Structure formats: structure tokens, C-alpha cells
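# Here's my sequence, what's the structure:
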Amino acid sequence: MTNTVNVNLVQQIQDDYLAYSLSVIVGRAFPRYTDGCKSISRRIVTAMKWLNLKPEGRYMKSARVEGEVMGKLSPHGGSYSSIVTLAAPWNNMAPLVDGHGNWGSSTDSAASSRYTECKLSPFAWDCLLDDSETWETMPNYDGTLQEPIELNAKIPYVLLNGQEGIGVGYACKIASHSLRSIVEATKLVCKEATTFEARAENLRKAREVLSPDFPTGTQIVKDDQLEQYSLTGIGSIRCMAKVEIGTQTRSGKAKDRPSLTFTNLPPGTNPEKIGEQVKNEVEKGRIEGVAEVNDLSDLTGDCVQIVAKPGVSPEKLRDQLYAYTDLDSKFSARTLVIDGTKPIELSPVEIVEKWVSWRLGRLQVKFENELTHREARLEIVQGLLKAIDKMDLIIKRIRAAKDKSEAKVALTTAPLKFSDKQAEAILDMRLRQLTNLDQNDLIVEDNYLQGRIQELEELSSDETRGTTARQVYMLNELTEIGKRHGEARRSALIDPPTGGVARVPGESVKRPAAAPKPRFLKIDSKKGTVEQVKGPRGALVVDPKDKVILMTEDGTLKKVSATFKGVISTAYSAVCLAKKESEVSLKKYLVVLELDEQLKALTLSGEDLCKVTSKGKRWLPEGATLRHFGEGGFTLNWVSTRKKAIKLDLSVKLGKPGGKGIKVANIDEVKLP
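Numbers count the residues shown, from 1 in each chain. Take a look at the predicted model:
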């Protein structure tokens, strides 16, 4: 017998949707501020660590890595596209994956996973994957393994490579930053300040240091939006490609032509996209004097060359190209990260501050874990040294014992009094450890362990001295990472340009808007359905912003967008009105209907019809049957020969949708078509 549980359906749907939203936001879409990884990135590098794909080791087929990730950690689908993203140098300041083979470019996709190979990059192995024994873990999807909740990142990685994500009701777009800038900003955040003013000055300098830096090396304009980004983590970062004006020398009698070579393109664009934009703008007449567009990209980066016609001013053409293409574009940053189980918006400096606090806590766990292991080893070493001095007695006791259990008891009782762990180690000890050389090794190890334990006790202490020691350790670690993996800043900071592309600070150039492409709706007047079609033939042509008024004979009235497709009413019903809102609102419509054995009429204004919403409403009264609807008259033929036919027109009394109208005649008095 099954148990039936009554639940509130609305509440259940709300709870399920909330759980789904949190799962997408926390578990998939956004990175944590702690280790800076989305779940898929974390799972990829974890699986590669399990496969022991060290930087100095061999490459492995990407298909094998993808299978490891999907089989053990992420069953939702293939991870190869994410592996490609982590390996792309044009997307990352410091790639986590070292790829071998055809990994594509900014315009071309990578080869299939069966043709490429990969391993972890030195940066990933050095900065994300240390101290795996102290990772916070959780069961994987089938409960057979433990996967990390977050890695022990040695830097605020979330700021380094930049990431994008879309969740339920949220979106993030994090800008990339230079590794050296991140290290310097972290030092400024940790710098001791005795006054509020000194602390504020340190944070100001940290904000100044933490300017975005993109892998393509695009130029970044210093304006109010960049300042806003530094303060809040949200803002439009204006990026401009570098340009070099030259001359294309031609042979024979052909005249030389000016050329503009653009390098260091803004993020999100590529030569192919720029070429299409130039072609479209030339057709519209906004860019003049272009003779050729050449893609000169190579392994050093993307490069597009615009060749002008003879006599064209290269400066004027440059200004037009900046104004009407993505050679001058904006990166709309929104720094949203996961803190625990919730998404929060932080500025770059706020991320560094929170990361420092988190990292100090993780270092305490690291040192406490090492302290436990060192103390356990010291106990064994000291036991072995003691055993060497009393080996004759130990051998006598062991030989007298009947089995291992009795021997262990003999070692842990007087007069030897070894601990249980020491007794186990002695029983497992090899005879070669009785030599003077091994005894000397144990003495050296004993001295080292005692010194290291003293250091670890200070580093893992909860007192101020321990926190300071951990901070010094963290900053030294960051300095070494900056030396090993850091490089000079790629994106130059420039002042707002003057001339043809001058901008008011905080405002963007108002480029002439391209004419929106119309949409074509095909309406089946018999079935009452709407389809999106590619051409205007036999279709209703609407602009993307247009609303369409739809009315069916069964009494359904709706106002829908230009993208609507599907059935107008709950059941198939013939369409009696399908026009754009602007056309309907200016007219009147005559309605003749049959209700309660009577023929009734009324007129409806287009304005009233346009007040309906996309949810729709019933425009015929309950029980009525439509006999006529239109912008013109309707003729009634009388059954009795003594009465002449009557024509109803738009002078009939004005009504509202759903109104019953005025009586014209009884049904048995007229002859209806």
C-alpha cells in the first residue's frame, strides 16, 4: 500500500526551481573567489592530476582526459570545449592546460579530441594543485570518489584569466589581469597601516595597480568607466586595437596605397569579424576608400590590414574604422563570484582582500596537517634511535614472544616502554638499520624534525604572531610565483584619443544604428496558427519591435511580439484579425454576432483592441457565435418579403470587447449566409 502525501503545488514548484537555480549558479555557471575555478575547470585539472599529467611528463590524448572527467566527475556531457578554453593562449593570461596539436585560433576551432594531446601547464601544477591532502572534498556524482570543493590556490586566480558565466537570473563577465599586478596588489592589501588614512592609501594604490590586462594586449582607455570598474567591479572597459600607418608599394605604373595594420585586437573580436564589419559598413557608405582587407595573423597573434585606395587620407579612414567596427569596442565587466553558496558582486581589490583572509585560513590547515605528520614521524624516529641503543634486550624479548601481538606487548611494557606506534615500527624495522650510517641518518632526521615542528607550531598558531608568520609565508610564496610565472604587462593604458574618435568621458560614440531586419509571420487563417518564415511572400512583415493584434472566431484576442509562433487560441480556430498594432489602433471594426436567438451588432475601436496583453482575453460574450467582423458594412436579408434588406455600418453603437451589443433582429427574421 502506497502512502499519499498532500503537498502545496505552488510551494513545491517554487522550492524545486530554487534548488535548480542554486545548483546552476553555485555548481556550474560561476567561479568561486577562493580558487577562481568553475566546477568544470576544477574537475578538468583534478582529473589531469589524478592521471599524473605533470608539466615535465608526457602528453595524453585529449579524448582520454575528457573520458576521465566525464566518467568520474562530470556526467552531464563532454568537457573538451572547456579543455580547449583552458589551453587557448588568446583567452588566458596563464593557460592551465598545455596543448599539443591543432588547438585552433581565435577564428578556427580546435581539432577533434582524438587528434590532440594535453597535459597540465607549469602554472596550474605550481599554483593550484599543491597540498591535495588538505583539499575540502565532497562525494562525486555517484558517490564512489571524493572530488575537491575548492583547490588550494596560491594566488587570487579568479582575477588572472577572466571568465564568463550565465546562470538563472545572474551573469558575470570577469576581466583578466596581469599576474604581476595581482601579486603587487596583494602585497599592498597586506601592507601594515597604523592609521585609517594609510590603509585607504594602500587600497587606492592597489586599485590603481589592478587595472585590467587582456591576453591580446589591446590598449585600454583611461576614462570614468575604468575608474568605476576599479571601485565596483562593474563597468565598460574601452579597448582599442593598436594601429600602424604605412604604405603598400605597388609595381609598374600602379600608385602606392596607404595601409593601416591593426594588431592587439580587443577581446572577443578577430580578423574575420573585423573584415565582415568593414564590408558591411562600406556597403552602407559609412566607411569610404577601402581597397582591400587582409588577414595577416600568425602564431604571434591576430593582425588585420586595411589597404586604402590611392589618395585616401589614412587618418580619416582610421577614425572611420575605429568608429564603425569593433577595433574600438567595450568589454562590459561584471565581477560576480561565488562566496560559499551565494553569488556576490565584488571589486577586484575586495576579491583580493577576501582571498587573503581565506588563504591564511587554508595555510593554517596546511601547517596543522604537516605538524601532525611531522610529530608522528618524530615519534617513530626517536623510537628507532632508542631501539638501536637497546637492541640486545629488544631481540631477546622478541625471540621469547610466541607471536607478533605478544612481542608488541613486550616492547610497550617495562622496562622498554615504547609507544604502540614505536613498537610497530620496531617490529617492521630491517636489520640494515642497525648500521652506524643509518643511525646517523636517523639523528639528522631527528634534529630536522624537531626544528621543523617548532616552526610549524608558530605557523599554525591562532595567536597574532602565528597569523603574521603565515602572512609572511604567503607573501614570499606570491613573490616566487610572480618571478616564475609573471610577465610584463601586455595592455597599455592610454588617454582618451582626440580627433575623429574623441569621446565625452563615460559616453560612447553614437554610431548610426543599422536598420533592423524585418520579421515575417505566416498566418494560417483557417487553423489560427502563426509561423516564422524567411521571406515576405504571403507573410505579414513586422519590425522586431512591432506588436501584432491577433483575433480568432472562437473569441480569443491577443497582442504578441514579432517573435511569436504557435497556436493563437487553446483550440484551432479561424483568424478574423491579424494586423500590426499601429494599423489596428487607428480604425473601427463592425461586429455582428448571434446570441440568445437574437442577432446583435456593435462597433469596436482599435484602441480598445490594442489594450489587450500577451496573455489574451475573450472578446466575444459567452455563448455568442460570430457572424461578421470587418472594417466595412454587413447586409442582412429578411425572410419576410414585406421588409427590405438592411445594411449595418460603422455607425452602430460603440462597444467594448466582450460586450453584447444592441439587438438588430431575431434570428428567425433574417436569412444569414
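
# Could you spell out the sheet neighbours of the helix or strand hosting Val307, each with its direction?
Element membership for Val307 (DSSP states H and E) is strand 303-308. Using DSSP bridges, the strands paired with strand 303-308 in its sheet are strand 257-263 (antiparallel), strand 290-295 (antiparallel).

# Name the residues that touch it?
For strand 303-308, contacts defined as Cβ atoms under 8 Å, 6 or more residues apart in numbering pick out 248, 257-263, 265, 271, 274-275, 278, 289-297, 314, 317, 321. C-beta: built from backbone N, CA, C; applies to glycine.

# Same check on stretch 240-260?
Contact with stretch 240-260 is made by 217-221, 261-266, 291, 305-315, 317-318, 321-322, 327-328, 494, 497, as judged by Cβ under 8 Å, 6+ apart.

# now these: which count as buried?
With burial judged by 16 or more other Cβ atoms under 10 Å, the buried subset of the contacts of stretch 240-260 is 217-221, 261-266, 305-308, 312, 314, 317-318, 321-322, 327-328, 497.

# Next, count neighbours for Leu86.
Neighbourhood size, Leu86 [other Cβ atoms under 10 Å]: 25.

# Also Ser181?
The burial count for Ser181: 23, using other Cβ under 10 Å.

# quick one, longest helix in this structure?
Criterion DSSP state H: the longest helix present in the chain is helix 348-389.

# Give me the contacts around the very next helix or strand once past it.
The helix or strand immediately downstream of helix 348-389 is helix 391-400, counting by DSSP H and E. Helix 391-400 is touched from outside by Ala387, Ala407, Ala410, Leu411, Pro415, Leu416, Ile426, Leu427, Leu434, with contacts defined as Cβ under 8 Å, 6+ apart.

# Is it possible to get CSV of the residues you listed that adds neighbour count?
Output for the contacts of helix 391-400, formatted as CSV (neighbours: other Cβ atoms under 10 Å):
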residue, neighbour count
Ala387, 22
Ala407, 19
Ala410, 18
Leu411, 23
Pro415, 7
Leu416, 18
Ile426, 23
Leu427, 15
Leu434, 12
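
# Could you list the domains of the chain?
According to automatic domain parsing, the chain comprises the domains 31-153, 242-326, 362-484, 519-671.

# and these, which is most packed in?
Ranked by average neighbour count under the criterion mean count of other Cβ atoms under 10 Å, those are headed by domain 31-153 at a mean of 18.

# centre of the chain versus stretch 614-626, how much separation?
Here stretch 614-626 is found 46 Å from its chain centre; the criterion is Cα atoms, centre = their mean, to the nearest Å.

# Let me know the average pLDDT across that stretch.
For stretch 614-626, the mean per-residue pLDDT is 87.

# what about it, start to end distance?
The separation between the terminal residues of stretch 614-626, taken as Cα to Cα, to the nearest Å, is 22 Å.

# sorry, back to before: and the longest helix of the chain, what other elements does it pack with?
helix 179-190, helix 196-209, helix 420-428, helix 436-459, helix 464-485 (3 or more Cβ pairs under 8 Å, 6 or more residues apart in numbering; DSSP states H and E).

# sorry, back to before: so among the contacts of helix 391-400, where is pLDDT lowest?
Among the contacts of helix 391-400, Leu434 carries the weakest pLDDT, at 63.

# residues in contact with Val567?
Contact analysis of Val567 by Cβ under 8 Å, 6+ apart lists Lys527, Gly528, Thr529.

# residue ranges with poor pLDDT in the stretch 1-150 of the chain?
1-2 (pLDDT under 70).

# Kindly recompute the last result at 90.
For the stretch 1-150 of the chain, the stretches with pLDDT under 90 are 1-29, 74-79, 90-91, 104-109, 130-132, 141-142.

# Repeat that for the stretch 351-500 of the chain.
Using pLDDT under 90, the stretch 351-500 of the chain drops low at 382-442, 457-468, 486, 488, 496-500.

# Give me the pLDDT for the residue nearest the centre of the chain.
Centroid check for the chain by Cα atoms, centre = their mean gives Gly165 as the closest residue, at 1.4 Å. What the model reports as pLDDT for Gly165 is 88.

# Please apply the same query to Glu192.
87.

# From Arg199, how far out is it?
Going from Glu192 to Arg199 by Cβ to Cβ, to the nearest Å gives 9 Å.

# more neighbours, these two?
Arg199 (14 against 9).

# picking that back up, return the subset of the contacts of stretch 240-260 lying in strands.
Among the contacts of stretch 240-260, DSSP state E puts 219-221, 261-263, 291, 305-308, 328, 494 in strands.

# distance between the ends of stretch 531-539?
Note: stretch 531-539 ends 9 Å apart using Cα to Cα.

# Contacts for that stretch next, please.
Pro518, Arg519, Phe520, Leu521, Lys522, Ile523, Asp524, Thr563, Lys565.

# Can you name the two of those residues that sit furthest apart?
Using Cβ to Cβ, the pair of the contacts of stretch 531-539 lying farthest apart is Pro518 and Asp524, separated by 20.1 Å.

# check contacts around Asp668.
Taking Cβ under 8 Å, 6+ apart as the test, what Asp668 contacts is Glu597, Val639.

# Can you give me every residue that contacts Gln320?
Going by Cβ under 8 Å, 6+ apart, Gln320 touches Glu281, Arg286, Ile287, Glu288, Gly500.

# do Arg519 as well
Contacts of Arg519 (Cβ under 8 Å, 6+ apart): Gln532, Val541, Val542, Asp543, Pro544, Asp546, Ala562, Thr563.

# My guess is the second one contacts Pro518. True?
Yes - distance between Val541 and Pro518: 5.2 Å, which falls inside the contact criterion (Cβ atoms under 8 Å).

# Dump the contacts of helix 391-400 to a markdown table, plus distance to Ile395.
Below are the contacts of helix 391-400 laid out as a markdown table (distance: Cβ to Cβ, whole Å):
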| residue | distance to Ile395 |
| --- | --- |
| Ala387 | 10 |
| Ala407 | 11 |
| Ala410 | 11 |
| Leu411 | 11 |
| Pro415 | 15 |
| Leu416 | 12 |
| Ile426 | 10 |
| Leu427 | 12 |
| Leu434 | 10 |
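
# Over to Lys656: give its phi and psi.
phi -120, psi 160 (degrees, to the nearest 10).

# for the nearest residue to it once chain neighbours are set aside, helix, strand, or coil?
Once flanking residues are discounted, Lys656 sits nearest to Asp608: 5.9 Å by Cβ to Cβ, 6 or more residues apart in numbering. Under the three-state scheme (DSSP: H, G, I helix; E, B strand; the rest coil), Asp608 adopts helix.
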